[in-house]
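Visitor: test case, fold it:
(2 chains)
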Amino acid sequence: MDLGVLDRIPMRSDFETPSGVGTGAGQSLLRAVSARRGGICVAGALAATGLLFAWQASLIDFGDFALPGPGFFPLALAVSVVLLSVVIGVEDWLGAGHQGTIELGHRDVLIVLAALLAVPPLFEPLGAYLTLGLFGATLLVLIARCSLLVAGLSAIIAMVACWYFFQVALGLQLPIGAILDGLGM
Amino acid sequence: MTGFDQLLGGFAIALSWKGLLYCFIGCLWGTIVGVLPGLGPLAGMTLLLPLTFGLDPAIGIIMLTGIFYGAMYGGSTTSILVRIPGEAASVVTCIDGYEMARQGRAGPALMIAAVGSFIGGTVSIVGLMLIAPPLAKVMIAIGPSVEVVLILLALSVISVVSAGSRVKTVLMVALGLLLGSIGLDNLTGVARFTFGYTSMAGGLSFTSLAIGLFGISEILINLEKTETIKAIRPKFKDLMPRSKDLRDSAPAIGRASAIGFIFGVIPGVSHVVSTFVSYAVEKRFSAHPEEFGHGAIAGVAGPETANNAVTGTAMIPLLALGIPSIPATAILLSALTIHGVQPGPLLLTDHPEVFWSLVASMYIGNVILLILNLPLVGIFVNLLRIPYAWLVPIILIISIIGVYSVNFSVADIWIMAISGGVGYILRKFGYEMAGLLLAFVLGDRLEASFRLALTMSGGSYATFADHASIIVLASVLGLLFAVQALAWLFGYRKSVADETEGA
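Guide: Model prediction:
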């Protein structure tokens, strides 16, 4: 089908201008990774995941082909994941897959990922509101480049709004945490 | 009780103050997430999922569905005024919509987009109303073997219509099925891949995975960029289209309604594909194809009608078969299950009020959106002035609370964070997430039906080919696999040949 002017469809890159956020020193973390090499690594990681699942599935009752057990389906799928990953890896290795480079390690992306991973271990001990308040304030300071005062105030307002909306209006009980619990809240 | 009586009953629920309020909230929130780049219907629905927990299932589903089609409406506003597609299904609208806006005709473009969306949406609801009940009756009579073939067919179509590498899509489907097998085996109760964690016994949380793979990864990708927002502001009095606009767009709306209606049942990214097909069809049918790309109103009317026509028909496989065809309907499946309502052939007999109130609310929602979108267009465009870096913490905080509140488990936040990071990397390297998510949802049923069919047939694989319907489905499936294998082989050889020639 001739889509004609569809090649003029604005792609995301058309809308982009150099970011005012995350420029400067932070951008030094950005690494242009060869798409081919990166593609092979991703395929390798997927193959490794498939192998892990295949190993675990092999420990479960396989049954037989006529009456499959609980291990049959996962083993077949895990083997498929491994095989397909190998195919993609080989394609990339032969250069049939990716061309050019892919940028990884954007400062803001790394900050958000790190902040997200910090939330679960703190969520219950520190309480939902304190954890999320800190999370929000951190992102406002590091990504939106707000002053500490603005970020702190915004986080407090956001948490009060969250408490009212989720806890009071919806009746959702989020963990209070030891600190707020100790304060009798 | 006749279908008409049931529809009236549905209207009684949808027109109650609660029904109207939550339909309005859904439509409003849907329009907002449709307007904001980086938030689509999927993220919008998952974020408000916890809000439905305290509601009656019918009301909760009315709200979530409102978000789904509201996002389709909202996406067109930014496409036309800012040339930023609020979500993927509005990409094509940017071409002629923005050109029209630049020529001072943003008003008619918005009006035609809204009217087209309304007509497309309404046509698809009529289709849903007429097709789903008889289809559900047929489905009740079929056994697990047909279900296996149907699910495999749905998953195969995803990889065939995939825009990216088919091998990668098939891999994502296999991975989704594999992840879906985590937890206790449905038939024997054996723990699989729980690695000793009791919190894994119930399997991975769909909501966490969906928000992580779609919402978080999208935010991370958007963080790498910022957009210069330069909106064109139409005046309300400029909204009325000229008679030539109406003449040009009326046939386009008719054709696009049919295209969207047909594409709605195709699994994968049908709402996106339908817009591209509609645009191509309009260009071919036009007496002035050279106008396309330079502000042709049919180039706005077609795609906008098509993506809204998909919303109703996408509900047919979900409500009649229990098979979600696009990720957004997978969220609806999850929401219905949380409310103890199992979508599928028995939905119409066990919970007819859910089905008919949903149908009725879609009629009402389309009217609400028509009223909401045009006068408030200026407000919606102003939303784009909020810096993205400010929106990110807000979206993430709501996501975290939403994910946690499904099972009150911190493990779900871990899953969301990790799947967000993994989804980001996979998307950077050209892997599509839709197949993974749909396979994850369908994995349980596929395996259970597969094993049940074999048990019932005494272990004979001939059970998957012993009815006329199965033979037809299996033939289509076989054909799809063959086409896919050939396409892959051809593509592979071609690329190797190109490589050799280039060397």
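Visitor: all contacts plus neighbour counts: C-alpha atoms, from now on.
Guide: OK.
Visitor: okay, now the unreliable bits of the chain?
Guide: I'll assume chain A. Scanning chain A with the threshold set as pLDDT under 70 gives A:1-29, A:96-99, A:183-185.
Visitor: let me rephrase: I mean chain B.
Guide: B:1-3, B:37-38, B:50, B:85-88, B:159-163, B:226-239, B:266-271, B:468-503.
Visitor: for chain A, give me its nearest residue in it.
Guide: Of all residues in chain B, the one sitting closest to chain A is B:Gly459 (3.9 Å; C-alpha to the nearest C-alpha).
Visitor: wait, that residue touches A:Leu67, no?
Guide: Yes. In terms of C-alpha atoms under 8 Å, B:Gly459 counts as a neighbour of A:Leu67; the distance is 5.6 Å.
Visitor: who's more crowded, these two?
Guide: Between B:Gly459 and A:Leu67, A:Leu67 has the larger neighbour count (other C-alpha atoms under 10 Å in any protein chain shown), namely 20 against 17.
Visitor: tell me how far the residue lying farthest from the centre of chain A lies from B:Val146.
Guide: Farthest-out residue of chain A from its mean C-alpha position, per C-alpha atoms, centre = their mean: A:Ala66, at 40.1 Å. Separation of A:Ala66 from B:Val146 (C-alpha to C-alpha, to the nearest Å): 18 Å.
Visitor: which phi and psi does B:Arg192 have?
Guide: phi -120, psi 130 (degrees, to the nearest 10).
Visitor: can you check B:Phe429 too?
Guide: Dihedral pair for B:Phe429: phi -100, psi 20, per degrees, to the nearest 10.
Visitor: the stretch 351-500 of chain B: helices as residue ranges?
Guide: Using DSSP state H, counting those that start in this stretch, the helices of the stretch 351-500 of chain B run over B:352-373, B:377-382, B:388-407, B:410-428, B:433-456, B:468-502.
Visitor: same check on chain A?
Guide: Here chain A has its helices, by DSSP state H, at A:35-58, A:72-93, A:107-123, A:128-142, A:148-162, A:177-182.
Visitor: centre of the chain versus the fourth one, how much separation?
Guide: The one in question is helix A:128-142. Computed by C-alpha atoms, centre = their mean, to the nearest Å, the chain-centroid distance of helix A:128-142 equals 18 Å.
Visitor: what's that helix packed up against?
Guide: Packed against helix A:128-142 by the contact rule (3 or more C-alpha pairs under 8 Å, 6 or more residues apart in numbering or on different chains; DSSP states H and E) you find helix A:107-123, helix A:148-162, helix B:388-407.
Visitor: rewinding a little: make a markdown table from the helices of the stretch 351-500 of chain B and add mean neighbour count and distance to B:Phe292 to it.
Guide: Shown next, in a markdown table, are the helices of the stretch 351-500 of chain B (neighbours: other C-alpha atoms under 10 Å in any protein chain shown; distance: least, C-alpha to C-alpha, whole Å):
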| stretch | mean neighbour count | distance to B:Phe292 |
| --- | --- | --- |
| helix B:352-373 | 23 | 25 |
| helix B:377-382 | 18 | 25 |
| helix B:388-407 | 21 | 32 |
| helix B:410-428 | 23 | 31 |
| helix B:433-456 | 23 | 30 |
| helix B:468-502 | 14 | 31 |
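Visitor: tell me, how many residues neighbour B:His288?
Guide: Neighbours of B:His288 (other C-alpha under 10 Å): 10.
Visitor: same question but for A:Arg37, I mixed them up
Guide: 17.
Visitor: what residues does residue 139 make contact with?
Guide: Using chain A. A:Leu139 makes contact with A:111-112, A:115, B:393, according to C-alpha atoms under 8 Å, 6 or more residues apart in numbering or on different chains.
Visitor: switch to chain B, that's the one I care about
Guide: Applying C-alpha under 8 Å, 6+ apart, we find B:Met139 in contact with B:320-321, B:345.
Visitor: for it, give its distance to B:Leu336.
Guide: Taken as C-alpha to C-alpha, the span from B:Met139 to B:Leu336 is 19 Å.
Visitor: ok, now B:Phe408?
Guide: To B:Leu336, B:Phe408 is 18 Å away according to C-alpha to C-alpha.
Visitor: then A:Leu139?
Guide: 34 Å.
Visitor: quickly compare the helices of chain A and say which is most buried.
Guide: Highest mean neighbour count of the helices of chain A: helix A:128-142, a mean of 23 (counted as mean count of other C-alpha atoms under 10 Å in any protein chain shown).
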